[in-house]
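# Mind folding the following:
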Amino acid sequence: MYVSRELRLLASNILYERRMIMYNLSLEIINDCNLNCSYCYLGDKKGMIMDYNIAKASIDMAVHEAKKQYDKSLHVYFIGGEPLLIFKQMKELVKYIKKVCKHNNLKFFFSTTTNATLINEEIIDFFINQKFNFKVSIDGDEEIHNLNRKDCFGKGTYQRVIDKIPLIEKYENIIEKPVIAAQVITTNNVHKFSESFWKIESLGFKIIESSINIYDEWDKKSLEILEKQLKILFNYYYKIKQNGNVLYWRFLENLISDYYSEVPFYKCKAGLKSCYVNVEGDFYPCKDIKEMNIGSSSKGLNVGKIRKFISIKETENTDCLFCHYINHCEAKGCIMDNYITNQQIFQPVYVKCFITKAVYQLIKTDIDDDQKKAFIKFYRRGV
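Numbers count the residues shown, from 1 in each chain. Coordinates of the predicted model:
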């Protein structure tokens, strides 16, 4: 099968990312946004900017932890709100991170997620020069995107994102690294899941990161629609991969990887390998959940609490223990999402459990034996 140079570059970037053993620091540098998306996980914004000293102390902590990692690498993920609202402060933090990492002989990587409305030439040139990875939030065509992604005046933002496509292409052409499209699926747009996916692909995005809004009420009708859409996209993506087309759907690739791998409880090891710092300097494994606090910029990491999370070897949920897919399921051990939705760590998010079973059934029934053997060979290498 002919493999294009573009496909090889895409594959090499993804494989490198998955093999890296680094420390990941998520910095909520601003808890404010120029948009007012209906599904925003922040809810009511605090209108706050992270103090430089809080950011500096958090970075120093992460540098200390990164030195323990096999690859001696630190990845800093700038998040908000909308991080580009304080682009000047982001640049200052990048300068400090580079300085302290070089002093400690650490490799460093940067990324961010943006709604794209504030991107300009200066920002793109900065991303190119600093080799930033970045995601652009886009949900589909104009109708679907504007359903949930409105500005503070209630106006849809689709065209403002589309206007930035030439700048995104400039970045990709120079740096030879794809920009990721971050797509959110909700109960009010799930009926257009496949059409939205195809629209995003048609805009030129080569990596699509679909996520399901776990805060929605996924009733029986919504789940039936979701299942039908998953089947349509599963078979579409399967044909895409057979033809060697340049596309990577992280959502499905992760599920296929789990199906053909052993998935431990609390797979991500958040807290041990990563830290989320909110705008006020509080530390969490991955999300701002008061009960899951693991320290602060002033007090440092609560190592004892982190060890409690890491020491959990298996779920106590009876339904999970008797599930056929227990050894191949990430949903069982996503303790932060489990706690957010169910107020206890062993009860998985129902929609994530539903998706896992639906996709695994498709893997069993909708792909041929040769492809299954190829998946086994690829994913059991630990790639």
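
# From now on I want contacts and neighbour counts done on CA atoms only, so please keep to that.
Will do.

# that's a helix at Cys268, yeah?
No - inclusion of Cys268 in a helix is not indicated when DSSP: H, G, I helix; E, B strand; the rest coil is applied; the result is coil.

# Can you read off the pLDDT for the residue nearest the centre of the chain?
Geometric centre of the chain, nearest residue: Glu209, 7.0 Å, by C-alpha atoms, centre = their mean. You'll see Glu209 listed with a pLDDT of 97.

# Next, it: secondary structure please.
Under three-state DSSP, Glu209 falls in the strand class.

# before we move on, what about Asn24?
Of the three states, Asn24 takes strand according to three-state DSSP.

# Make sure it is actually in contact with Leu272.
No - assessed by C-alpha atoms under 8 Å, Asn24 is found out of contact with Leu272, at 9.6 Å.

# higher neighbour count, these two?
Asn24 (25 against 17; other C-alpha atoms under 10 Å).

# Who is the more buried one paired with across the strands?
Beta-bridge pairing for Asn24 (DSSP bridges): His75, Ser274.

# OK, contacts around it?
Listed by C-alpha atoms under 8 Å, 6 or more residues apart in numbering, the contact partners of Asn24 are Ala62, Leu74, His75, Val76, Tyr77, Lys273, Ser274, Cys275.

# ok so, going back, bridge partners for the residue nearest to the centre of the chain, pull those for me.
Partner residues in beta bridges with Glu209, using DSSP bridges, are Ala182.

# now it: how far from Ser73?
Between Glu209 and Ser73 the distance is 24 Å, computed by C-alpha to C-alpha, to the nearest Å.

# How about Ile180?
Remark: distance between Ile180 and Ser73 (C-alpha to C-alpha) = 22 Å.

# Check Asn245 too.
For Asn245 relative to Ser73 (C-alpha to C-alpha), the value is 32 Å.

# Who has more neighbours out of those two?
Ser73 (24 against 16).

# Pull up the gap between that one and Lys107, please.
Following C-alpha to C-alpha, the distance that separates Ser73 from Lys107 is 5 Å.

# And Phe322, by the same measure?
Phe322 is 43 Å from Lys107, where distance means C-alpha to C-alpha.

# So those two - more neighbours on which side?
Here Phe322 and Lys107 are compared on neighbour count by other C-alpha under 10 Å; more neighbours surround Lys107, at 16 against 9.

# Hmm, that one is touching Leu74, no?
Yes - counting by C-alpha under 8 Å, Leu74 is a contact partner of Lys107 at 6.2 Å.

# and for these two, which residues touch both?
With C-alpha under 8 Å, 6+ apart as the test, Lys107 and Leu74 both reach Cys101.

# Packing partners of the longest helix along the chain?
Ordering each helix of the chain by length in residues (DSSP state H) puts helix 220-242 first. The contact analysis (3 or more C-alpha pairs under 8 Å, 6 or more residues apart in numbering; DSSP states H and E) places helix 220-242 against helix 193-202, helix 350-366.

# which stretch among those comes nearest Asn34?
Set against Asn34 and scored by C-alpha to C-alpha, the helices and strands packed on helix 220-242 come closest in helix 193-202, at 22.5 Å.

# what comes up buried for the closest one?
By neighbour count with 16 or more other C-alpha atoms under 10 Å, helix 193-202 contains the buried residues Phe193, Ser194, Glu195, Ser196, Phe197, Lys199, Ile200, Glu201.

# Averaged pLDDT, it. What do you get?
Mean predicted confidence for helix 193-202 is 98.

# number of nearby residues for the nearest residue to Leu84 once chain neighbours are set aside?
Excluding the flanking residues, the one nearest Leu84 by C-alpha to C-alpha, 6 or more residues apart in numbering is Leu118, at 6.6 Å. For Leu118, the neighbour count with other C-alpha under 10 Å is 16.

# Poorly predicted segments of the chain, please.
Residue ranges of the chain with pLDDT under 70: 1-20, 43, 380-383.

# what's the domain layout of it?
Here the domain assignment for the chain is 1-114+270-311, 214-266+314-383, based on automatic domain parsing.
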